[in-house]
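1. coordinates only, sequence not included:
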């Protein structure tokens, strides 16, 4: 019997996308939710985005094909079903999946001369 790889619910408490400096650099500040689906069926994902000062954006649908990964760029509305995530605003994300997946969160910050990359595994919620 194969062990279950991943969880159906993940939490990312620390989200913050800084406004890019607009200097035309190839790498612009952004955040990404990296979802790995090692299973044999496609994963239907729902993203819920929570803010300090406004109502959440809920049920943003994403599909991750079986045995694939998808890096959901949070600065690209086309990755979020057209939803636009505001910059310079703290937020958090809940990731819900219909099959177990693995979730990692990454932030690229290019607002200062030394580009910084932060990445961490999301918090899996036990069922």
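-> Received the coordinates, thanks. Bear in mind that the values here come from a model prediction, so they are computed numbers and not experimental data.
2. packing partners for the biggest strand by length in the chain?
-> Using DSSP state E, we find that the single longest strand of the chain is strand 91-109. In terms of contacts (3 or more CB pairs under 8 Å, 6 or more residues apart in numbering; DSSP states H and E), strand 91-109 is packed against strand 7-15, strand 30-37, strand 43-51, strand 116-121. The way it works is simple: take the backbone N, C-alpha and C, and place the C-beta from them, glycine included.
3. distance-wise, check the residue nearest the centre of the chain relative to residue 112.
-> Compute the mean C-alpha point of the chain, and by CA atoms, centre = their mean the closest residue is residue 33, 2.3 Å away. Distance of residue 33 to residue 112, given as CB to CB, to the nearest Å: 24 Å.
4. just to revisit the earlier point, list the buried residues in the longest strand of the chain.
-> Going by neighbour count (16 or more other CB atoms under 10 Å), the buried part of strand 91-109 is 91-97, 99-109.
5. do the same with stretch 43-56
-> Neighbour count says stretch 43-56 has 43, 45, 47, 49-50 buried, by 16+ other CB under 10 Å.
6. same question for stretch 11-28.
-> Residues 11-12, 15, 17-18, 20, 28 are the ones in stretch 11-28 that count as buried (16+ other CB under 10 Å).
7. same check on stretch 106-122?
-> 106-110, 122.
8. before we move on, what about stretch 27-44?
-> Those would be 28-39, 43, for stretch 27-44 by 16+ other CB under 10 Å.
9. and that stretch, end to end?
-> Stretch 27-44 has an end-to-end distance of 29 Å (criterion: CA to CA, to the nearest Å).
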